[in-house]
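Visitor: my questions concern the predicted model and sequence given below.
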Amino acid sequence: MLRNSRLILAHLWLAFAAFGAAIVLGLWQMWVRSPFAAPLASSENYFMSVTAHGSAMGYVLTTFFIMGFGYFVAETALSRPLPFPRLAWTGFTLGIVGALLVVATVFSGRATVLFTFYPPLTATPWFYVGLVMVVVGSWIWCALMLVAMAGWKRDNPGQAVPLAMFATTANAVLWLWTTVGVAAELLFIVIPAAFGWTQAVDVGLTRTLFSWTLHAIVYFWLIPAYIAFYTMAPQLAGGRLYSDLMARISFVAFLIYGLPVGLHHLFMDPEHATGFKSVQMVLTVLVAVPTLLTVFTVCASMEIAGRLRGGRGLLGWVAALPWKQPLVLATGLSFFMLWFGGFGGLINMSYGMNAMVHNTSWVTAHFHMIFGGSVVIMYFAISYEIWPRLTGRMAPSLGLQRAQLWSWAVGMMTLSLPWHWLGLKGQWRRVAQFDYTDPAISWWTPWMAMSLVGGILLVGSAFLFLWNLASFHRAGRSAEAVPPMNFAVALHSGGTPAALNGFRIWNILVLVLMVAAYAFPIAQSFIVKPPYAVVHRVDRTN
Amino acid sequence: MSTEPTKLSHSPKPDGFAVKAVGFIGATAAVAWGLSLVAIPVLQGQQEGLDWFTSICRAVGISTRPGGGEAKADGAVSLVTWSPSVLSRVAAGDARKGEELAKDTCTSCHNPNGLSTDPATMPSITGQPARALYKQLWDIKNGTRINDAMLPLVQPLTDTQVADLAAYYSSLNVRSFDIRLEPEASDATLKLINQGDAARALPGCRSCHDAPSGGPVDAPHLVGQYPAYVAAQLRAFAGGERRNDVAGRMRAIAAKLTPAEIESLARYYEGPR
């Protein structure tokens, strides 16, 4: 049992409670948009629900899961107590109060601005204050990760920080950089408008600041999955991590190339000229590099495991892998969805092709496939792997865990492939209801029905996941001791370059690239003095 | 509980990796910026006959054209611009001062409660958005909305007084009800209100006139408005006698409505009798 298991379980259970509620809303939203009459269907309820679903999935599930998993890694990978656990509880408290504020404001119908805000739409200020509290709580986590890593380095001179902790700290550093944009947007523009201190906002500037956050946040969500790919999957498969160096390069590459790329979310926006959009498009291409490195390294690691288990021939090692291990299975399913999600991402980041899919269901489909599919399935698998260490109890049934992972993957594919297709055909997103009697769109019916089936599968899978987690707590303490948490050992660990044992040089590079990529796009708002948009309050009727 | 940590490298040049990494990242950055801000813009600019300097400025987003295109006031449909300072002045309107001022200026026709003495020719102004009232008062003052009866009354008002009056009448709401609960209209009228008519490029009335809508900030509320006044204004827009609607929005819409539709819409917005 871990010293901080209560702290970690509190974070993870809060994350999954939000997830459980949000997925039901997601299904209802699909039902409203589908050709079948849904209860309580109205535009107001739809946008209320979308805001709650997005905020819960994008901010609460992710942030609390990543914090909880980070504390787990800090204690297990470093084999030492977490520094300042009381501060960690303070961060948790701030986060939970913030999350409750968000829930209260959204469900009172005073914050139907969706989770990415869309100024000049303006909600009650307490919605934004709640989100800021969640972010501030996560900053405490970032500080604790940095302190934990620094403490270990001080006590272990000449040794490389264990990979899992290096990657977790890379994520903390990335998150600190990432949140600068949204914090500036909320604190300087949106919250003053929400309190009524200003009557108009520079929408271009708010969107530019949010774009700073909007793409890197995805890598913040994704890095725990990559930590599992590199440090947990090869271990559970009975093999070795092919290259520790390659793994570190990947995490550093996410930190460097994950940030100066957000303008690719604004390709169709008028406030920027083509030059800086193109700069950030080229840098976005480079974010594919760490993903390709990961695919290579993890496949090589799994091949080592498969061959050690007796697999022969070109692909015999694949069949020899222990697919009954939930995390190994999840890695395979995640990689499968990553091909689709990654391919869609390449379309989105291409300036010309982006115009075709802009604001269509394709985009919604893409981020569900890549986040809800590739990433969240690894959150499940990580949970199954670490829950025994947190509770001291073994899983009653690995079969149910595998069934849950399969149903999630099948559900996510069934949900998002029709959306991709309809998006290509021009189905617009952020629309509550469609008139299916219109001959122009009546052919959507079977596709929407298929997608809805995917949604039903996902809700079933989500409840099975929560059931599986609860099963740990219901199970009696197992007679056999829970094996200690071991992260994968690297096959090649000839020596880690000093630069890959810290973040100083990488932070300087991020600063240089961010200034070069964002200084002018932000500064032009003050040079050109663009027209402002009138604040449009959704929380008042007059 | 953990794996054996790997050793740090002890190469003679400990920063060799860092130097290579910085070199690689610098090279990729040079490609990104060079292609995007110089090479591609200059090549594309050549095809359009632009010099290299103009091409690069255009890619960065800097205008090289002399002077800005100032909007001309001639023939303007309204001189009210919703700049942050104007919005702040409207938001700062003082309803109590407005109430005092209204006693001398407005109440003989519009009553202290905003319900007018002659519903056939005058609007109800109770509970109208302050921005709607502010714009209409200024349009009359500037002559972009013709109203001979109102003109001498609003002419002497200062900008602050206009904002105060707008604040006062917007603070009232004596005919408030939820019109969605009172759908006393035919399906055709309800469709016009909720969805409009795509075949005629007509947006639904609700998309601008139902608070909180996403329409222009100065759109008035129609709920509770006198039917004779609504119908008269729609006819005036359709005939072009009233033309203080920015971008000709209401003129375009009203011209496509049939006389029967105008009557039924006007009756609908009056609400329960």
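Guide: Sure, I can see it. Numbers count the residues shown, from 1 in each chain, chains lettered A, B, ... in the order given.

Visitor: and the helix or strand hosting B:V90, is it in reach of chain A?
Guide: For B:V90, the element it lies in under DSSP states H and E is helix B:84-91. Yes: residues of helix B:84-91 contacting chain A under CB under 8 Å from any CB of the partner chain: B:84, B:87-88, B:90-91. For glycine as for every other residue, the C-beta is placed from the backbone atoms N, C-alpha and C.

Visitor: ditto for stretch B:127-136
Guide: Yes: residues of stretch B:127-136 contacting chain A under CB under 8 Å from any CB: B:127, B:129.

Visitor: returning to that earlier point: okay, the residues of helix B:84-91 next to chain A in JSON lines with pLDDT and neighbour count next?
Guide: Listed next are those as JSON lines, based on pLDDT from 0 to 100; neighbours: other CB atoms under 10 Å in any protein chain shown:
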{"residue": "B:P84", "pLDDT": "85", "neighbour count": "17"}
{"residue": "B:L87", "pLDDT": "89", "neighbour count": "20"}
{"residue": "B:S88", "pLDDT": "89", "neighbour count": "14"}
{"residue": "B:V90", "pLDDT": "94", "neighbour count": "25"}
{"residue": "B:A91", "pLDDT": "92", "neighbour count": "16"}
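
Visitor: chain B: helices as residue ranges?
Guide: B:16-34, B:40-47, B:52-60, B:84-91, B:95-105, B:107-110, B:130-142, B:151-154, B:159-171, B:187-194, B:206-209, B:227-239, B:249-256, B:259-270 (DSSP state H).

Visitor: the stretch 201-350 of chain A too?
Guide: Assigned by DSSP state H, counting those that start in this stretch, the stretch 201-350 of chain A shows helices spanning A:203-227, A:233-236, A:244-257, A:274-308, A:316-320, A:326-348.

Visitor: between those helices, which gets nearest to B:P112?
Guide: helix A:203-227 (39.3 Å; CB to CB).

Visitor: now that closest one against helix A:244-257, angle please.
Guide: 170 degrees (axes from the mean of the first three to the mean of the last three CA atoms, to 10 degrees).

Visitor: check whether helix A:203-227 contacts chain B.
Guide: No: Helix A:203-227 lies out of reach of chain B by CB under 8 Å from any CB, never closer than 10.9 Å.

Visitor: now do that helix and helix A:274-308, the angle between them.
Guide: 10 degrees.

Visitor: that older thread, any chance of the helices of chain B in a markdown table, with distance to A:V60 too?
Guide: Putting the helices of chain B into a markdown table (distance: least, CB to CB, whole Å) gives the following:
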| stretch | distance to A:V60 |
| --- | --- |
| helix B:16-34 | 34 |
| helix B:40-47 | 42 |
| helix B:52-60 | 40 |
| helix B:84-91 | 34 |
| helix B:95-105 | 41 |
| helix B:107-110 | 51 |
| helix B:130-142 | 37 |
| helix B:151-154 | 53 |
| helix B:159-171 | 38 |
| helix B:187-194 | 35 |
| helix B:206-209 | 33 |
| helix B:227-239 | 47 |
| helix B:249-256 | 41 |
| helix B:259-270 | 42 |
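
Visitor: what's the closest of those to A:S5?
Guide: helix B:16-34 (37.7 Å).

Visitor: secondary structure class for A:G151?
Guide: Secondary structure, DSSP: H, G, I helix; E, B strand; the rest coil: A:G151 is helix.

Visitor: same thing with the one 10 residues further on?
Guide: Following three-state DSSP, the label given to A:V161 is coil.

Visitor: look at it and say how many residues are nearby.
Guide: As a burial measure, A:V161 scores 26 neighbours (other CB atoms under 10 Å in any protein chain shown).

Visitor: check A:V279 too.
Guide: Neighbour count for A:V279, taken as other CB under 10 Å: 27.

Visitor: grab the nearest non-local neighbour of it.
Guide: Spatially, and ignoring its direct neighbours in sequence, A:V279 is nearest to B:S36 (4.3 Å; CB to CB, 6 or more residues apart in numbering or on different chains).

Visitor: can you list the low-confidence ranges for the stretch 101-250 of chain B?
Guide: B:175-183, B:211-214 (pLDDT under 70).
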